[in-house]
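Asker: Okay, sequence plus prediction incoming.
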Amino acid sequence: MTVAQPDVSVVIGAYEAMPYLVECLASVEAQTIDPGRIEVIAVDDGSTDGSGEYLEEFAARSAMSVTVIRQDNSGGPSGPRNVGLDKAAGRYVFFLDADDRLGPEALERMVAMADRNGTDVVLGRVEGINRKPPGSMWGKTLDRTDVYSSNIMFTLSAQKLFRRELLERHGMRFDESLWTGEDALFTMEAYLRANGVSVLADYTCYYLVGRDDGKHVTKSGGYTLRFDSARALMNLIAELVPAGDRRDMLLVRPFLVTLLPQFGPKYLTDSEKVRRHKFELAKPLMEEYWSEGVAGRLKVEERLRLHLVAEQRPELLVPVVQFVKAKKQAAPILEKKGREVYLAYPHFRDATAAIPDSVYLAAPREARAVEGYREHSVGSVLKRAVRKARRVVKARAGAGRTRTSGGTAAAA
């Protein structure tokens with residue numbers, strides 16, 4: 001008897017996951033999709049709290065196909081996910097963390113959306129329980145989009161539905177050399193290689209649970225790991241996206257989400273040794289990937305901090321970080337009849353600091369909050385261009401008449 005291919009393989013990596021694992025597995029068991037369309041591959045990564053035993057009990061009584069793999073601790077989430085992915089047989093793969101849980105209709109809705117639209121990745125709406133997940137991408141359901149046309153680059157966690165054929169075709173696996181940010185690397189590559197991405201925003205598919213003991217993997221690890229993560233993601237983007245606006249847009253993500261926090265409020269409590277080391281770690285990344293195209297997409301205070309990192313000026317960074325931490329408002333300075341807004345953060349037009357005015361120039365999305373700002377609309381720009389063209393034509397016509405008049409007089 002031939003066993004039908006499951007629609008979705010749910011890969012669960014578990015390490016010291018009790019008691020959260022109980023609700024996690026209950027949420028899989030409660031899925032409205034037919035149990036015969038699911039397979040669960042659970043990898044116990046050397047737990048000592050009974051997680052492995054509970055997985056085996058669940059497998060023995062479940063109506064679904066459940067495979068339990070027990071192994072020595074690998075030290076991170078990448079190893080268990082890769083082991084599960086190697087065993088997966090489903091058309092799609094969903095990576096579920098053992099301390100989180102699914103909405104009852106999650107798998108049924110996501111599989112249906114991928115099948116209906118022919119997309120390779122589906123993002124299901126995420127809500128947090130004692131945690132705050134990213135939210136800018138859940139404005140509306142999108143049958144088909146991509147990483148350039150939406151905010152999906154700001155959710156790079158692995159808890160998505162991936163078409164397994166895409167992963168196998170490109171040999172995609174989680175980078176086990178990274179101790180943090182491995183899911184960002186994997187998911188960004190999937191976005192870039194995918195034949196379309198769907199966003200399911202009108203139903204909560206995933207509940208991201210904040211553990212009471214605070215032992216969530218994303219909270220672990222020292223600051224050097226964040227630089228490793230930023231470097232890996234920047235390198236991937238540069239490898240897969242040609243230089244230009246699209247690359248600059250994607251590079252905003254590692255600069256803003258991974259690198260910038262290393263030069264935020266925590267920087268003020270760092271020792272001088274750690275501060276110097278952070279600047280050293282950032283230097284090659286800034287030299288290779290920091291550009292006007294990236295800087296222009298950031299808010300002024302974000303751009304200013306990263307500019308000072310790029311210029312290796314730690315002595316100027318501290319007052320800026322103190323200003324930001326205190327939640328002070330930079331005074332707006334309107335120039336060119338309100339068409340330009342400068343935000344006077346520390347060192348603005350300080351001759352000693354010599355920071356270019358352009359660093360303080362607010363982009364339209366930030367400038368719109370300033371009273372008196374007059375945005376350059378496409379219409380106004382075109383009108384000015386037309387007026388200028390008319391003046392040029394009139395000037396040339398006048399010059400022509402003068403030359404003709406002069407020639408006639410000479411002939412007479």
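Answerer: Cool, the structure landed.
Asker: so where is the stretch 51-200 of the chain shaky, pLDDT-wise?
Answerer: Filtered on pLDDT under 70, the stretch 51-200 of the chain yields no residues whatsoever.
Asker: can you give me the strands in it?
Answerer: 65-71, 92-97, 101-102, 121-129, 142-145, 161-163, 197-209 (DSSP state E, counting those that start in this stretch).
Asker: and what of the stretch 201-350 of the chain?
Answerer: Under DSSP E, counting those that start in this stretch, the stretch 201-350 of the chain gives strands at 331-335, 340-344.
Asker: ok, residue 194 to residue 187 distance?
Answerer: From residue 194 over to residue 187 the distance is 10 Å, taken as C-beta to C-beta, to the nearest Å. Backbone N, C-alpha and C define where each C-beta goes, glycine included.
Asker: Also residue 32?
Answerer: 26 Å.
Asker: coming back round to it: possible to save the strands of the stretch 51-200 of the chain as CSV with distance to residue 44 and mean neighbour count?
Answerer: Formatted as CSV, the strands of the stretch 51-200 of the chain follow (distance: least, C-beta to C-beta, whole Å; neighbours: other C-beta atoms under 10 Å):
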stretch, distance to residue 44, mean neighbour count
strand 65-71, 5, 17
strand 92-97, 14, 25
strand 101-102, 18, 24
strand 121-129, 23, 21
strand 142-145, 36, 17
strand 161-163, 23, 24
strand 197-209, 19, 20
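Asker: Format those as CSV; extra columns: distance to residue 17.
Answerer: Formatted as CSV, the strands of the stretch 51-200 of the chain follow (distance: least, C-beta to C-beta, whole Å):
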stretch, distance to residue 17
strand 65-71, 13
strand 92-97, 8
strand 101-102, 12
strand 121-129, 15
strand 142-145, 32
strand 161-163, 22
strand 197-209, 11
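Asker: At the geometric centre of the protein, which residue sits there?
Answerer: Centroid-nearest residue in the chain: residue 154, 2.8 Å away (criterion: C-alpha atoms, centre = their mean).
Asker: I'd say that one and residue 257 touch.
Answerer: Yes. Using C-beta atoms under 8 Å, residue 154 is in contact with residue 257, at 7.1 Å.
Asker: thinking again about what came up before, neighbour count: residue 32 and residue 187, which is higher?
Answerer: Between residue 32 and residue 187, counted using other C-beta atoms under 10 Å, residue 187 has the larger neighbour count: 25 against 11.
Asker: how near is the nearest residue to that one once chain neighbours are set aside to residue 5?
Answerer: The shortest distance from residue 187 to any non-neighbouring residue, by C-beta to C-beta, 6 or more residues apart in numbering, is to residue 156 (4.4 Å). Distance of residue 156 to residue 5, computed by C-beta to C-beta: 28 Å.
Asker: higher neighbour count, these two?
Answerer: Legend: neighbour count by other C-beta under 10 Å for residue 156 and residue 5, higher for residue 156 (24 against 12).
Asker: Isn't the more buried one up against residue 250?
Answerer: No. Look at residue 156 against residue 250 with C-beta under 8 Å: they stay out of range, at 10.8 Å.
Asker: Now for the two: what residues contact both?
Answerer: Residues touching both residue 156 and residue 250 (C-beta atoms under 8 Å, 6 or more residues apart in numbering) are residue 188.
Asker: List the residues that contact residue 184.
Answerer: Residue 184 sits in contact with 156, 157, 229, 233, 258, where contact means C-beta under 8 Å, 6+ apart.
Asker: give me that answer again for 6 Å
Answerer: 156, 233 (C-beta atoms under 6 Å, 6 or more residues apart in numbering).
Asker: Quick one: the helices in the stretch 51-200 of the chain, in order.
Answerer: Along the stretch 51-200 of the chain, the stretches classed as helices by DSSP state H, counting those that start in this stretch are 51-61, 78-87, 106-117, 164-169, 182-193.
Asker: contacting residues around the first one?
Answerer: With C-beta under 6 Å, 6+ apart as the test, helix 51-61 has contacts from 14, 17, 18, 21, 25, 42, 44, 66, 68, 70.
Asker: Could you point out which of the strands of the stretch 201-350 of the chain sits nearest residue 80?
Answerer: Proximity to residue 80 (C-beta to C-beta) singles out strand 340-344 among the strands of the stretch 201-350 of the chain, at 46.0 Å.
Asker: pull the CA atoms of the closest one into PDB?
Answerer: Extracted C-alpha coordinates of strand 340-344, given in PDB (Å, rounded to 0.1, in the frame of the first residue of the first chain):
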ATOM      1  CA  GLU A 340      14.100  70.800   3.900                       C
ATOM      2  CA  VAL A 341      13.900  69.800   7.600                       C
ATOM      3  CA  TYR A 342      17.000  69.200   9.700                       C
ATOM      4  CA  LEU A 343      16.800  67.600  13.100                       C
ATOM      5  CA  ALA A 344      19.300  69.200  15.500                       C
END
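Asker: That one versus strand 331-335: what angle between them?
Answerer: 150 degrees (axes from the mean of the first three to the mean of the last three C-alpha atoms, to 10 degrees).
Asker: Need the contact partners of strand 340-344.
Answerer: So strand 340-344 is in contact with 300, 330, 331, 332, 333, 334, 360, 361, 362, 367, 370, 373, going by C-beta under 6 Å, 6+ apart.
Asker: Likewise for stretch 349-362?
Answerer: 300, 303, 304, 307, 316, 341, 342, 343, 347, 348.
Asker: Compute the first-to-last residue distance for it.
Answerer: End-to-end distance for stretch 349-362, by C-alpha to C-alpha, to the nearest Å: 15 Å.
Asker: Report the buried residues of that stretch.
Answerer: Within stretch 349-362, the residues that count as buried by 16 or more other C-beta atoms under 10 Å are 355, 359, 360, 361, 362.
Asker: swap in stretch 5-21?
Answerer: 6-17, 20-21.
Asker: Which of these sits closest to residue 223?
Answerer: Nearest to residue 223 out of these is residue 15 (C-beta to C-beta; 22.9 Å).
Asker: Quick check: nearest residue in space to that closest one, chain neighbours excluded?
Answerer: residue 45 (4.2 Å).
Asker: Now do the same for the one you found: its pLDDT.
Answerer: As predicted, residue 45 sits at a pLDDT of 96.
Asker: From residue 82, how far out is it?
Answerer: According to C-beta to C-beta, residue 45 stands 11 Å off from residue 82.
Asker: Between the two, tell me which one has more neighbours.
Answerer: Between residue 45 and residue 82, counted using other C-beta under 10 Å, residue 45 has the larger neighbour count: 25 against 20.
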